[in-house]
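>>> Sequence plus the predicted model coming up.
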Amino acid sequence: MKRDLLSPGYLLLLVLLAGATLWAQSGPPPASSHNPQSQPVSYASVAELNGLLGQLEATSKRTQSDLVDLRIEHWKADNAYKRQALGNVDSIQRNLQGALPEIIAQLRTDPENLNASFKLYRNLDALYDVLGSVTEGAGAFGSKDDLQSLSTDLSSFEGTRKQLAERIDNLSTAKEAEIARLRADLKTAQSEAAPPTPPKKVVVDDNEPPKKPAVKKKTPPKKPDTDSSKPATGQPSQPQPQNSGKPQ
């Protein structure tokens with residue numbers, strides 16, 4: 001696989017989040033808009049899935065038949081190991097006849113459903129582990145024919161699982177790109193729908209009397225600093241008459 005797969009719950013949450021944001025902020029889309037959820041799945045995607053599911057159904061039928069022909073009771077093993085092997089065979093049969101057909105039917109109805117795709121991948125992963133254990137037992141205690149038939153079935157399940165992993169990786173990348181495009185379209189729509197900022201209004205009152213110009217106050221001249229005990233500069237002092245003691 002090219003990279004680690006994202007969980008289906010996380011991807012579905014992103015899709016739902018983007019859809020809810022679009023609905024809440026821009027309202028329901030008009031009838032003429034291109035809704036990604038209503039776009040049909042491409043022919044190439046459907047053809048790829050049908051080929052994968054057809055191969056899986058054929059492997060399932062062949063494996064069920066091979067497990068019926070398996071004679072675990074004749075294996076040269078202890079009874080505890082035989083009971084465990086019989087339990088594994090019963091578990092595989094129930095899965096192939098019940099759980100697997102339900103997931104396949106869900107995917108045929110919705111070919112690019114990521115949640116159903118992950119369910120199928122996990123189911124194949126579990127089948128591969130249990131069938132691998134039965135195949136090892138057949139190689140150790142069963143016949144060569146049993147080992148050959150079960151090995152072929154196991155290899156076929158592994159091939160389908162790898163194809164499904166590649167498909168999930170491609171679908172996840174496409175969904176991520178779609179969510180990014182939806183967010184960009186929403187941002188563009190919001191910027192285009194936003195009303196322009198109104199200009200500031202300036203109110204002019206014609207009845208208001210014109211303001212008088214401010215009059216600058218004159219600064220009074222500074223008085224000279226005079227001392228009464230000293231004569232003024234530039235004025236000679238007058239001599240005082242002397243009293244001679246004679247009457248005038």
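Thanks, I have it.

>>> who are the neighbours in contact with residue 125?
Residues in contact with residue 125 (C-beta atoms under 8 Å, 6 or more residues apart in numbering) are residue 161. The C-beta positions use only the backbone N, C-alpha and C, and glycine is treated the same way.

>>> distance of it from residue 84?
According to C-beta to C-beta, to the nearest Å, residue 125 stands 20 Å off from residue 84.

>>> Residue 189 too?
Distance from residue 189 to residue 84, by C-beta to C-beta: 61 Å.

>>> Neighbour count: those two, which is higher?
Neighbour comparison, residue 189 and residue 84: the larger count goes to residue 84, with 16 against 13 (by other C-beta atoms under 10 Å).

>>> for the top helix by length along the chain, packing partners?
With secondary structure taken from DSSP state H, the chain has its longest helix at helix 144-193. Helix 144-193 sits against helix 8-26, helix 43-69, helix 114-141, with contacts defined as 3 or more C-beta pairs under 8 Å, 6 or more residues apart in numbering; DSSP states H and E.

>>> C-terminal to the second one, what's the next element?
Think helix 43-69. Next along the chain after helix 43-69, taking DSSP states H and E as the criterion, comes helix 79-94.

>>> what packs against that following helix?
So helix 79-94, by 3+ C-beta pairs under 8 Å, 6+ apart, packs with helix 43-69, helix 114-141.

>>> Of these, which is nearest residue 75?
helix 114-141 (3.6 Å; C-beta to C-beta).

>>> now the closest one: mean pLDDT?
For helix 114-141, the mean per-residue pLDDT is 96.

>>> Buried residues, it. List them.
114, 116-121, 123-124, 127, 131-132, 134-135, 137-138, 141 (16 or more other C-beta atoms under 10 Å).

>>> for stretch 63-75, same thing?
Buried-residue list, stretch 63-75, by 16+ other C-beta under 10 Å: 63, 66-67, 70, 72, 75.

>>> which two from those end up farthest apart in space?
63 and 75 (18.5 Å).

>>> Output the below-cut-off pLDDT ranges for this structure.
1-39, 196, 201-248 (pLDDT under 70).

>>> Recalculate using a threshold of 90.
1-42, 76, 172, 174-248 (pLDDT under 90).

>>> re earlier: okay, the helices and strands packed on helix 144-193 in CSV with distance to residue 97 next?
Below are the helices and strands packed on helix 144-193 laid out as CSV (distance: least, C-beta to C-beta, whole Å):
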stretch, distance to residue 97
helix 8-26, 25
helix 43-69, 7
helix 114-141, 12
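
>>> Of these, give the one that comes closest to residue 194.
helix 8-26 (11.2 Å).

>>> Could you measure from residue 137 over to residue 195?
74 Å.

>>> next one: residue 159
Residue 159 is 59 Å from residue 195, by C-beta to C-beta.

>>> Looking at these two, which is more packed in?
More crowded of residue 159 and residue 195, by other C-beta under 10 Å: residue 159, with 14 against 5.

>>> ok, that one to residue 184 distance?
39 Å.

>>> now do residue 124
36 Å.

>>> can you check residue 175 too?
15 Å.

>>> of those two, who's got more company?
More crowded of residue 175 and residue 184, by other C-beta under 10 Å: residue 175, with 18 against 10.

>>> Just give me the neighbour total for residue 92.
Residue 92: 22 neighbours (other C-beta under 10 Å).

>>> so who does it touch?
Residue 92 neighbours (C-beta under 8 Å, 6+ apart): 63, 67, 127, 130-131, 134.

>>> mind putting the residues you listed in TSV, distance to residue 166 included?
As requested, these are exported to TSV (distance: C-beta to C-beta, whole Å):
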residue	distance to residue 166
63	22
67	28
127	18
130	23
131	21
134	27
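
>>> doesn't residue 150 make contact with residue 66?
Yes - Residue 66 is within contact range of residue 150, at 5.9 Å (criterion: C-beta atoms under 8 Å).
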